[in-house]
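K.L.:
dropping the sequence and predicted coords here.
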Amino acid sequence: MMKHVRTVARETLTPARQIWAAWCRFWFAPISPVTLGLYRILYGCCILIFVALLAPEVFTWFAADSMMRPASAEKFWGATPHWSVLLWFPQRPAVALFFVVFAIAALLLTLGLWTRFSALLVFLGLISIGHRNPLVLNGADVVLRVMGFYLVLAPAGAALSVDRLRAIARGEAGPKPDLVPAWTLRLMQLQISLIYASTVLLKLKGTIWPSGLAVYYTLRLEEFHRFPVPFLAHSLLLVNLATYWTLAVELGLAFAVWIPGLRRFALINGVLLHLGIEYSMNVPQFEYIMMTNLVLFCDVEGWWERMRARWPLRTLARVRLLVDGGCAACRREVLLWQALDPCGRIEARDTGAHIEPLTPVLALSSGEVRTGAEAARWLAWRTPALWPLAPLLALPGIYRVLRRPARAFLGLPRHDAVPLELSDRTAAGVEREAVMVR
Amino acid sequence: MATATLRWYDAGTPLEISTARERHAARVGLPVRALLTAFIAFHIVAVLLWLTPATTLNKAFLHLTRNYISWAGLWQNWGMFAPEPSRLNIYISAVITHRDGTEESWEFPRMNKLDLFSRYYKERYRKFEEYAHLDSFDGLWPDIALWIARQHDQDPSNPPVRVTLTRNWWIVPPPPPNGDISHDQPHEWSHYTFFSTAISASDLR
């Protein structure tokens, strides 16, 4: 019926309006922000690794007395517009400070805290690095910089971010992240396809790739060796197959990835290609970054919903969070825990008893009841986003110390309630009474 | 006791939280759509012009978008082993001559001689060498020589006075006509000294 209505509606549109409607569907249709959120996390991790790998040599490449002094960088760019914080402040302390700030921005971006601002800082940092010494940057660094531009424009903090947790705590976000217009994701997808299309076209302009011998030469570049692949390097037939397969996969990631029926096939082959290169060749980070980019073509939220309905996630034991359903702050707390719970294990139960926020009371299906720090620890170990905090929560008293600043940081309203004393009550006796004390 | 705690699991009633804000789908109004459409079209054209080879069309319009690409940090080139993969195995070595005439040798870190971890963070040297050995980058050679001299300025009474740079290379030969690549063909390194400069005390300060 709906399809019929849509067909009739489409037939009544003029061709120009049909084109405009299709354009708007492609660029502006609302989509889940979870793909962008996951991409932001992986991208942030890539930037952190980028900084860690660069850290031992920052003065070699970027200081005033580096292998490419500022005057040489200026000469390299000539009349081409260029700017770099590292060209303005080339002294060693300034360079060190630059990279410290850059690393902090990358960490904030990974966490999704002040996301757009941290994305902007990271992007400006990458431009500065690129303009200061472009000769030490490989394709991976260029991908990071270019994709950084899109991340600044994208609502990358709308899902899987601390920004979202804070919005929930303030009552500004619902149980599921709001849908966002597709245009930034589409630009990123187009950019990735352009990378593959561009490299295939360039390769086909040469003579070695069309002749099927490219892999023969690349495997004999000593500086690129990582792990040996003797079966491949020493068989002309396999060399030919690997060369043509590489071209086919890159072509697939440029075009076939846009066809829903072929997308999965193109992406799986893309991952295999990058894993193969990562195994055999020393091109640090490039393969991981390109695999990260392939995430942009996946409906992460839809895929995860399907996974949750399947074994083994479907069989995970549920846990019940006991709250006072009449208390707005408690409901926000439930949303917070549920936002941190990708497996959907946390169910909320309205007990009518007032329980202090961030003092969870958990009832496990095994019959155990955990409260306060013990419950927070239990949840932290089962919530991937909180794994870094989980060992910390094992320290005695730390939960009590962190609870108040965490509540203030997230923006949860203050409560005058005291924690529920389980020993004083039975399940049947949990009533909406007597807990509102000063 | 078990009965009592199990009763906790069944305590209360299921709580489905629906906030005033249900899952909201951001709508983009017509004026914003028009603006975004103009930006998207301009951006795609700019990136395509940058990436496509120099043609008449490209030359005619690239100047309109070049500044946008440069300022926005979008310059890019995806010639990954393209149009031809490199056939060149190359590294740069240096000889540092000290005031007393003694000589030290140094070479750029060679990836195939490093452990797995070092290859990750030393790879930038290999990338830099890719350009630094070329004659078109001769402006870099004094910077490189000076940097090497500073690394070897350990004894104030015997500082470096000269640095000489040499490129060392061999070219991967094509597969033999019979197509048998089961054994790697023998190769010999070639060497060429391409730069030598005197280092003064003021350079080392």
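P.N.:
On my side now, so go ahead.
K.L.:
can you name the residue of the stretch 201-350 of chain A nearest to chain B?
P.N.:
Per C-beta to the nearest C-beta, residue A:206 is where the stretch 201-350 of chain A lies closest to chain B, at 3.3 Å. In short, each C-beta sits where N, CA and C put it, glycine included.
K.L.:
give the contact list for that residue.
P.N.:
B:82-84 (C-beta atoms under 8 Å, 6 or more residues apart in numbering or on different chains).
K.L.:
next one: residue B:102
P.N.:
Residue B:102 touches residue B:158, counting by C-beta under 8 Å, 6+ apart.
K.L.:
report pLDDT for it.
P.N.:
The pLDDT attached to residue B:102 in the predicted structure is 93.
K.L.:
how close does it get to chain A?
P.N.:
Distance of residue B:102 to chain A, computed by C-beta to the nearest C-beta, to the nearest Å: 24 Å.
K.L.:
what residues does the one helix or strand residue B:97 maps to touch?
P.N.:
Taking DSSP states H and E as the criterion, residue B:97 maps to strand B:88-98. Residues from elsewhere that reach strand B:88-98, judged by C-beta under 8 Å, 6+ apart: A:220-223, B:103-108, B:110, B:129, B:132-133, B:144-145, B:148-149, B:152, B:155, B:158-172.
K.L.:
of the residues you listed, grab the buried ones for ChimeraX.
P.N.:
Entered in ChimeraX, the line below selects the buried ones among these, by 16 or more other C-beta atoms under 10 Å in any protein chain shown:
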select /A:220,221,222,223 /B:108,110,129,132,133,144,145,148,149,152,159,160,161,162,163,164,165,166,167,168,172
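K.L.:
how close does the closest residue to residue A:225 other than its chain neighbours sit to residue A:221?
P.N.:
Among residues not flanking residue A:225 along the chain, residue B:112 sits closest, at 5.2 Å (C-beta to C-beta, 6 or more residues apart in numbering or on different chains). To residue A:221, residue B:112 is 9 Å away according to C-beta to C-beta, to the nearest Å.
K.L.:
quick check: residues of the stretch 1-150 of chain A near chain B?
P.N.:
A:23-24, A:27-28, A:30, A:52-57, A:60-61, A:65-69, A:72, A:75-76, A:80-83, A:123, A:126-127, A:130, A:135-139, A:142, A:145-146, A:148-149 (C-beta under 8 Å from any C-beta of the partner chain).
K.L.:
ok, now which ones touch the most centrally placed residue in chain B?
P.N.:
Central residue of chain B (C-alpha atoms, centre = their mean): residue B:127, 5.7 Å from the mean position. If you count contacts by C-beta under 8 Å, 6+ apart, residue B:127 has them with A:135-138.
K.L.:
out of those residues, grab the one that's most surrounded.
P.N.:
residue A:136 (26 neighbours; other C-beta atoms under 10 Å in any protein chain shown).
K.L.:
find the nearest non-adjacent residue to it, please.
P.N.:
residue B:124 (4.2 Å).
K.L.:
okay, that neighbour: pLDDT?
P.N.:
For residue B:124, the model assigns a pLDDT of 93.
K.L.:
mind listing what's buried in whatever helix or strand it lives in?
P.N.:
In this structure, residue B:124 is located in helix B:116-132 according to DSSP H and E. Neighbour-count burial for helix B:116-132 flags B:119-130, B:132 (criterion: 16+ other C-beta under 10 Å).
K.L.:
which of these sit farthest apart?
P.N.:
Spanning the widest gap among these are B:120 and B:132, at 20.4 Å by C-beta to C-beta.
K.L.:
before we move on, back to that, need the buried ones from the contacts of residue A:206 selected in ChimeraX.
P.N.:
Remark: buried members of the contacts of residue A:206, expressed as a ChimeraX selection using 16+ other C-beta under 10 Å:
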select /B:82,84
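K.L.:
ok, and does stretch A:397-412 reach over to chain B?
P.N.:
No - using C-beta under 8 Å from any C-beta, stretch A:397-412 stays clear of chain B, with a minimum separation of 14.8 Å.
K.L.:
that stretch: how far from the chain's middle?
P.N.:
Relative to its parent chain, stretch A:397-412 has a centroid offset of 26 Å by C-alpha atoms, centre = their mean, to the nearest Å.
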